[in-house]
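**Student:** need coordinates for the below:
(2 chains)
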Number of protein chains: 2
Amino acid sequence: MRTVLVIGIGLGGPEQVTLEAVAALNRVDVFFGVEKGTAADELVALRRAVCERHATTRPHRFVNAPDPARDRAPASYERAVADWTAARAEVYEAMLRSELADGGCGAFLAWGDPAFYDSILRVLAAVRSRGGLHLEVEVIPGVSSIQALAAAHKVSLTQVGRPLMVTTGRRLAAGGFPPGVDDVVVMLDGDTAFAAIDPEGLTIFWGAYLGSPEQILVAGDLAEVRDEIVARRREARDRRGWIMDTYLLRRPVDDA
Amino acid sequence: MRTVLVIGIGLGGPEQVTLEAVAALNRVDVFFGVEKGTAADELVALRRAVCERHATTRPHRFVNAPDPARDRAPASYERAVADWTAARAEVYEAMLRSELADGGCGAFLAWGDPAFYDSILRVLAAVRSRGGLHLEVEVIPGVSSIQALAAAHKVSLTQVGRPLMVTTGRRLAAGGFPPGVDDVVVMLDGDTAFAAIDPEGLTIFWGAYLGSPEQILVAGDLAEVRDEIVARRREARDRRGWIMDTYLLRRPVDDA
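**Tutor:** Okay, the predicted model is just below:
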């Protein structure tokens, strides 16, 4: 039997992890990394910094997880993700068997919290359902980017008694501001979908590199600040080579 | 100038706070409590336990915030909340002026994370907009109940590329499972609204006292498990005198 921990590590550096996460980090024999692409170097370094700061009580090593090719322009997005999940489950099973001893403890560190648009739990569930490996999974929650966004702007994500929608840039671009809600948090938006929707009546709270010393915040009437956000986002991404950002779109409700 | 920290402390006991929250707890001169009602004793004790465990480097004291009466059966829920916010802003301003020295640091501890349906940021904003007190507010995010729910059930709150709605028991009871989404997290449900909606095609992931030793989890087809959840919820609440619970309703999407 092998144990795999999925640990939410927050985003702002080593101090945003929970004490529970610190305890979990000190159970780990092998940290499996899943970073890739141009952001790799700095993000890998941030992840290592979390381990170096906190995983201090036992020997451990780092293994880079293989990353099967993914169809980036598929006819069906969901189908492409399903195919990719199946491919990853196969290579992860082989990796866990060869890199993690029976009885050992491995870990995947999730930026923010694994509950929002993170693929690792789905892949591990697929590994388990393949049936070839006895795997015990534990999840340690962390502070997500959307909570760091709310904290940085000192706002609640919800208005009194009203629903909040969490969605993706892809969805916002395809459908505009969704009907039936007044608050929408957008994640995974690489194409500034906020700049292309009807801004009428909307306020935006935007943040990048949340919780880190490089944090950038912009808030205001969407029509007034959207160009500034697009420009600052592009400039920051060009300079650092990567960006992580998220935002809340709010239609303020008159409480009275 | 007075500083007020709003600190998310998670839910599962002293180990679910972040290192950032621990540092913040050690800046505090006065902890303001806002508990009330039948749950008071045990919840106050849990909050004190967090402070006793972590706020160890400076003297501090506890002050119970006054709680203006609230109309529990109002014609307009939003209006009643707005009136209550205004009344709390008035008494909180007086409390902060008399209990917190100029230059001092006060704190409100939020269960979970203050970004989801917590009133304290709204009340502090109302205090600031009254203009009578120079107040600097800082927010330290924490692990929310919905993340603890997802972690305990080892699931993501989101399905691939799909939106998630976060809403209240009141809304679910009034409108049923919302159109246009496949995943709905329900908070603030004191009346088991899940048991009264059409269960067709829905899975529920329910949890109470999340992250604590008394944690209770039930998951399954809504039609099959809803009666069990209602019964276990009632039994636990009767025994302990209070309950905190939340749940995810999911319409599983066929990825292939």
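
**Student:** name the next helix or strand downstream of the strand or helix carrying residue A:31, please.
**Tutor:** Under the criterion of DSSP states H and E, residue A:31 resides in strand A:30-33. Tracing the chain past strand A:30-33, the next element assigned as helix or strand by DSSP H and E is helix A:40-54.

**Student:** which strands and helices sit next to that following helix?
**Tutor:** helix A:19-25, strand A:30-33, strand A:105-110 (3 or more CB pairs under 8 Å, 6 or more residues apart in numbering or on different chains; DSSP states H and E). C-beta coordinates here come from the backbone N, C-alpha and C atoms, glycine included.

**Student:** quick check: which element contains the nearest residue to residue A:80 once chain neighbours are set aside?
**Tutor:** Nearest in space to residue A:80, with sequence neighbours left out and distances taken as CB to CB, 6 or more residues apart in numbering or on different chains, is residue A:74 at 3.4 Å. Of the helices and strands defined by DSSP H and E, none includes residue A:74.

**Student:** may I have the phi/psi pair for residue A:74?
**Tutor:** Dihedral angles of residue A:74 (phi, psi; degrees, to the nearest 10) stand at phi -80, psi 160.

**Student:** buried residues, whichever strand or helix holds residue A:80. List them.
**Tutor:** Here residue A:80, judged by DSSP H and E, is contained in helix A:77-99. Under the neighbour-count criterion of 16 or more other CB atoms under 10 Å in any protein chain shown, helix A:77-99 has A:78, A:80-85, A:87-90, A:92-93, A:95-96, A:99 buried.

**Student:** show me which of these is closest to chain B.
**Tutor:** Nearest to chain B, judged by CB to the nearest CB, of those is residue A:82 at 3.7 Å.

**Student:** distance check, the closest one against residue A:126.
**Tutor:** To residue A:126, residue A:82 is 9 Å away according to CB to CB, to the nearest Å.

**Student:** returning to what we had before: and of the buried residues of helix A:77-99, the nearest to residue A:68?
**Tutor:** residue A:87 (3.9 Å; CB to CB).

**Student:** is stretch A:167-179 in proximity to chain B?
**Tutor:** Yes: against chain B, stretch A:167-179 shows contacts by CB under 8 Å from any CB of the partner chain at A:167-168, A:170-171, A:178-179.

**Student:** can you select the buried ones from these in ChimeraX?
**Tutor:** In ChimeraX, this line selects whichever of these come out buried by 16+ other CB under 10 Å:
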select /A:167,168,170,171,178
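
**Student:** in helices, which of the residues of stretch A:167-179 next to chain B fall?
**Tutor:** Of those, the ones assigned to helices by DSSP state H are A:170-171.

**Student:** one step back: mind listing what's buried in the strand holding residue A:31?
**Tutor:** For strand A:30-33, the neighbour count (16+ other CB under 10 Å) marks A:30-33 as buried.

**Student:** pLDDT below threshold where in chain A?
**Tutor:** Under the criterion pLDDT under 70, the flagged ranges of chain A are A:12, A:35-40, A:254-256.

**Student:** enumerate the residues of the stretch 1-150 of chain A near chain B.
**Tutor:** Counting by CB under 8 Å from any CB, the residues of the stretch 1-150 of chain A close to chain B are A:8, A:10, A:12, A:14-20, A:22-23, A:77-79, A:81-82, A:85, A:113-118, A:121-122, A:125, A:137-144, A:146-148, A:150.

**Student:** mind redoing it with 7 Å?
**Tutor:** By CB under 7 Å from any CB of the partner chain, the part of the stretch 1-150 of chain A that sits against chain B consists of A:10, A:15-20, A:23, A:77-79, A:81-82, A:113-118, A:121-122, A:137, A:139-144, A:147-148, A:150.

**Student:** just the buried ones among those residues, please.
**Tutor:** Buried, going by 16+ other CB under 10 Å: A:10, A:16-20, A:78, A:81-82, A:113-118, A:121-122, A:137, A:139-144, A:147-148, A:150, out of these.

**Student:** please flag which of the residues you listed sit within helices.
**Tutor:** Among these, the residues falling in helices (DSSP H) are A:19-20, A:78, A:81-82, A:121-122, A:147-148, A:150.
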